[in-house]
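1. Pasting the sequence and the predicted coordinates here, then a few questions.
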Amino acid sequence: MVADRSSKSSGNSSDNNASGPRSVLSAFRIRSFRFQWSADAMNTWGSEMETLILGWYILVATDSPFLVGLLGALRFSGTITAPLIGVIADRMNRKLMLISLRIGTGISSMVLLVFAVTGSIQPWHVFIVAGFSGLLRPADNVLRQSLIADTVPRRLLMNASGFARTTQDSARIVGALLGATLLSRLGLGWALTAVSLFYTFSVFFGLGIRSVPSTLQINKRMNPLTDMRRGMKYIMNSSALQPIMFLAFLVNATAFPFTNGLLPVVARDVYGHDENGLAVMVATFAAGALFGSLLMAAVVKFSRPERFMMLAMIVWHVLLIFFAQTQSNTWGLPALALIGASVSFCMITMPCRAFNFCQV
């Protein structure tokens, strides 16, 4: 269970040099956040490059939209174990856990790189590696959010979360354009080399994140599964957390599969694009999301963020329905940009509200 540690972390003045007048870049006054932002950016840039590269490879190699969707689903296979990771993270050093997971992700990417360079890569290689990486990726998201709550004071949490989200949005822009360029001009081997380098840089930047001892009073002899059941019971008994968790499930089931799995199929079969056209679509979506993230970090303030979250979610789904009716860049690209912005509005507000409602 991710608990509210942000108020406690504000007492650690040695790292949280965030006192003084609040500015747009207030979160970056915190040394640990600067390192984490850089590490998260490198990791997500590599991940987004890998997603585009492997998604296009599977589409071309198999000509199967189902397998492309399956590949996208495998990227989130670890969602099932993510709650258990959260429980374990309450008992262990989160920094070391995060670095260990990213080393594992980098090794899996290098395995694919070896197959690609030797010319022996097959679709089933991609699915096995994607499944392994997918087991790690949701845990990575849990840990990065927990580390932000650990090291950033409560008053800067929305600001930090907005900038943390920019790592994902900028990654889709950089990853899509760079990945497509390397794939189309230099081939699969060089594209995967760049992915592996990004993962390596992520590990090195992660070494600068501050380790924060857990302030939770935990019975170390208690079975983690028992602890997880207590966390689930806490959620079910919380009238505030129940709807947030349900809405999180809803968007993951109905909205994310489009941008996380099926966009390569839409780009090729509906829009008639190659990998470079797909990159433009992904980058447009990401540019809208980046704008939304920066707006949330710097400008947007609200007294009832729950209502704003619901409105953003509704707009997100309406725009997806509109995009499904388009067949040209004239209407499709603006729709993708607006979808990206609505995603940021929704997905930044949601975890922040969850953190604020959690009690230790």
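-> Received it, and whenever you're ready, just let me know what you need. Numbers count the residues shown, from 1 in each chain.
2. Which secondary structure elements does the helix or strand containing residue 290 sit against?
-> If you go by DSSP states H and E, residue 290 is part of helix 275-298. If contacts are counted by 3 or more C-beta pairs under 8 Å, 6 or more residues apart in numbering; DSSP states H and E, helix 275-298 sits against helix 31-62, helix 157-185, helix 263-265, helix 329-357. From N, CA and C alone the C-beta is placed, and that goes for glycine too.
3. Make TSV from those helices and add mean neighbour count and mean pLDDT to it.
-> Below are the helices and strands packed on helix 275-298 laid out as TSV (neighbours: other C-beta atoms under 10 Å; pLDDT from 0 to 100):
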stretch	mean neighbour count	mean pLDDT
helix 31-62	23	89
helix 157-185	22	80
helix 263-265	22	84
helix 329-357	21	79
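4. Distance to residue 143 for those helices - can I get that in JSON lines?
-> Listed next are the helices and strands packed on helix 275-298 as JSON lines, based on distance: least, C-beta to C-beta, whole Å:
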{"stretch": "helix 31-62", "distance to residue 143": "10"}
{"stretch": "helix 157-185", "distance to residue 143": "12"}
{"stretch": "helix 263-265", "distance to residue 143": "27"}
{"stretch": "helix 329-357", "distance to residue 143": "13"}
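5. nearest to residue 128, of the ones you listed?
-> helix 31-62 (11.8 Å; C-beta to C-beta).
6. Between helix 157-185 and the closest one, find me the angle.
-> 40 degrees (axes from the mean of the first three to the mean of the last three C-alpha atoms, to 10 degrees).
7. So what touches the helix or strand just after helix 31-62?
-> Downstream of helix 31-62, the next assigned helix or strand under DSSP H and E is helix 65-74. With contact meaning C-beta atoms under 8 Å, 6 or more residues apart in numbering, helix 65-74 is reached by 51, 54-55, 58-59, 62, 123, 126-127, 130-131, 134, 257, 260-262, 264-265, 269.
8. one step back: quick one: which of the helices and strands packed on helix 275-298 is nearest residue 209?
-> helix 31-62 (4.9 Å).
9. helices or strands up against that closest one?
-> So helix 31-62, by 3+ C-beta pairs under 8 Å, 6+ apart, packs with helix 65-74, helix 94-117, helix 123-151, helix 157-185, helix 188-206, helix 263-265, helix 275-298.
10. by contact count, what packs against the fifth one?
-> Applying 3+ C-beta pairs under 8 Å, 6+ apart, one finds that helix 188-206 makes contact with helix 31-62, helix 94-117, helix 157-185.
11. can you give me the mean pLDDT across it?
-> Averaged over helix 188-206, pLDDT sits at 93.
12. Would you mind listing the buried residues in it?
-> If you call a residue buried by 16 or more other C-beta atoms under 10 Å, then helix 188-206 has these buried ones: 188-189, 191-196, 198-203, 205-206.
13. Show me which of those residues is closest to residue 99.
-> residue 206 (4.8 Å).
14. can you tell me how far that closest one sits from residue 284?
-> According to C-beta to C-beta, to the nearest Å, residue 206 stands 30 Å off from residue 284.
15. Also residue 66?
-> 26 Å.
16. Equivalent analysis for residue 92, please.
-> Residue 92 is 40 Å from residue 284, by C-beta to C-beta.
17. Same question for residue 270.
-> 15 Å.
18. out of these two, which sits in the more crowded spot?
-> A side-by-side neighbour count of residue 270 and residue 284, using other C-beta atoms under 10 Å, places residue 284 first with 22 against 13.
19. And for residue 66, the neighbour number?
-> Residues near residue 66, counting by other C-beta under 10 Å: 9.
20. Sorry, wrong one. I was asking about residue 88.
-> 18.
21. Remind me which helix or strand it belongs to.
-> helix 82-89.
22. Give the other helices and strands that that helix contacts.
-> helix 94-117, helix 123-151, helix 224-236.
23. quick one, it and helix 94-117 angle?
-> Going by the same axes, to 10 degrees, helix 82-89 makes 130 degrees with helix 94-117.
24. what about helix 82-89, distance to the chain center?
-> Relative to the mean C-alpha coordinate of its chain, helix 82-89 is positioned 17 Å out (C-alpha atoms, centre = their mean, to the nearest Å).
25. What of stretch 122-130?
-> On C-alpha atoms, centre = their mean, the centre of stretch 122-130 falls 22 Å from that of its chain.
26. Just the residues contacting that stretch, thanks.
-> With C-beta under 8 Å, 6+ apart as the criterion, stretch 122-130 contacts 54, 57-58, 61-62, 67, 70-71, 74-75, 108-109, 111-112, 115.
27. buried residues in that stretch?
-> 126, 127, 129, 130.
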